[in-house]
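Asker: sequence below, structure please.
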Amino acid sequence: MGEARIFTTKGGIMTIQVPNNSLWQYIERDHIDSNIKKTIWEEFVMSHQEEFAEKVSELAEEMWSNYNQGAE
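Answerer: From the prediction side, this is the model:
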C-alpha cells in the first residue's frame, strides 16, 4: 500500500492509504511549474480539488467502458 497526503477543506493535511491495485493520480506544483508560489498553489489546490477528483472519476469510468467493450 502507498501513502498520499491530501489537503482538507479546512486547510489541514491528512495522509491516506492508497491500495496498490487502484488507479491513483496526484499532481504536484513541480509537475506543472516549479516557479508557482507555494501559497498560490495551495489556494489553487483547495479551490479545484473536488473538481479534479470528479473529472478523474469520469475519465476512469469512460476508460473502463471503452476497455470493457473491447473485451466482450
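Asker: quick check: pLDDT value at the closest residue to Q17 other than its chain neighbours.
Answerer: The spatial neighbour of Q17 that comes closest, neighbours along the chain excluded (CB to CB, 6 or more residues apart in numbering), is M1 at 5.0 Å. For glycine as for every other residue, the C-beta is placed from the backbone atoms N, C-alpha and C. Confidence per residue is given as pLDDT, and for M1 that number is 75.
Asker: same check on T8?
Answerer: The confidence metric pLDDT takes the value 73 at T8.
Asker: you'd agree it is up against M14?
Answerer: Yes - at 5.7 Å, T8 and M14 qualify as touching, with contact defined as CB atoms under 8 Å.
Asker: centroid-nearest residue for the protein?
Answerer: For the chain, Y26 is the residue whose C-alpha lies nearest the centre (CA atoms, centre = their mean; 3.9 Å).
Asker: that one and S65, how far apart?
Answerer: Per CB to CB, to the nearest Å, Y26 is found 24 Å from S65.
Asker: can you list the weak-confidence ranges in the chain?
Answerer: Under the criterion of pLDDT under 70, the regions of the chain flagged as low confidence span 9, 72.
Asker: repeat that for 80
Answerer: Within the chain, the segments meeting pLDDT under 80 span 1, 3-11, 70-72.
Asker: what ranges do the helices span in it?
Answerer: Secondary structure of the chain (DSSP state H): helices located at 29-32, 38-71.
Asker: want to try TSV for those, with mean neighbour count and distance to S22 as columns?
Answerer: Rendered in TSV, the data for those read as follows (neighbours: other CB atoms under 10 Å; distance: least, CB to CB, whole Å):
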stretch	mean neighbour count	distance to S22
helix 29-32	11	20
helix 38-71	11	10
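Asker: got the ones you listed as a markdown table, with distance to N21 columns?
Answerer: As requested, those are arranged in a markdown table below (distance: least, CB to CB, whole Å):
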| stretch | distance to N21 |
| --- | --- |
| helix 29-32 | 24 |
| helix 38-71 | 14 |
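Asker: which one, of the ones you listed, ends up nearest to V18?
Answerer: Closest to V18 of the helices of the chain, according to CB to CB: helix 38-71, at 13.4 Å.
Asker: the closest one: how far from the chain's middle?
Answerer: Computed by CA atoms, centre = their mean, to the nearest Å, the separation of helix 38-71 from the middle of its chain amounts to 6 Å.
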